[in-house]
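> Got a predicted structure plus its sequence, pasted below:
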Amino acid sequence: MDKSKRLFLKSKRSFRRRLPPIQSGDRIDYKNMSLISRFISEQGKILSRRVNRLTLKQQRLITIAIKQARILSSLPFLNNEKQFEKSESTTRTTGLKKKYRFLN
């Protein structure tokens with residue numbers, strides 16, 4: 001078969017529709033921490049709508065609820081579980097100083 005004809009053939013794989021992340025009975029509120037925590041990354045960032053598979057209205061409500069929870073201190077602004085190591089930029093600058101010492 002030509003490549004052009006292959007593009008129009010339907011695949012025979014079964015497709016399982018994913019369940020929506022927010023059910024119709026769930027209330028999007030800053031007090032509902034179990035719901036809000038599903039839409040925050042490990043670093044404490046709000047996940048995008050494409051990743052969450054939310055509608056535009058749901059994403060707006062989730063964002064507002066997360067921001068309200070952060071202001072009321074029920075949710076941290078940053079997740080400090082990971083302690084970041086010193087970057088290599090400090091070692092790079094000291095290496096340059098050593099290199100230029102030889103030139104003088």
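Cool, got the structure.
> May I have the host helix or strand of residue 63 as CSV, with CA atoms only?
Here residue 63, judged by DSSP states H and E, is contained in helix 56-71. C-alpha atoms of helix 56-71 as CSV (Å, rounded to 0.1, in the frame of the first residue of the first chain):
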residue,chain,number,x,y,z
LEU,A,56,-11.0,26.5,30.8
LYS,A,57,-13.5,27.4,33.5
GLN,A,58,-12.3,24.6,35.8
GLN,A,59,-8.6,25.7,35.4
ARG,A,60,-9.5,29.2,36.3
LEU,A,61,-11.4,28.1,39.4
ILE,A,62,-8.5,25.8,40.4
THR,A,63,-6.0,28.6,40.0
ILE,A,64,-8.1,31.0,42.1
ALA,A,65,-8.5,28.3,44.8
ILE,A,66,-4.8,27.6,44.9
LYS,A,67,-3.9,31.2,45.2
GLN,A,68,-6.5,31.7,48.0
ALA,A,69,-5.1,28.7,49.8
ARG,A,70,-1.5,30.1,49.5
ILE,A,71,-2.6,33.5,50.9
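> Any regions of the protein where pLDDT drops low?
Where the chain drops to pLDDT under 70, the residues are 1-12, 14-15, 80-104.
> Mind doing that once more with 50?
Counting by pLDDT under 50, the chain contains low-confidence ranges at 83-88.
> in the helix holding residue 63, what counts as buried?
58-59, 61-62, 65-66, 69-70 (16 or more other CB atoms under 10 Å). All C-beta spots, glycine's among them, are computed from the backbone N, C-alpha and C.
> so residue 18 makes contact with residue 52?
No: if you go by CB atoms under 8 Å, residue 18 and residue 52 don't touch, sitting 11.6 Å apart.
> The residue nearest to residue 70 when sequence neighbours are not counted is in what secondary structure piece?
Nearest residue to residue 70 in three dimensions, chain neighbours excluded: residue 77, at 5.3 Å (CB to CB, 6 or more residues apart in numbering). Counting by DSSP H and E, no helix or strand carries residue 77.
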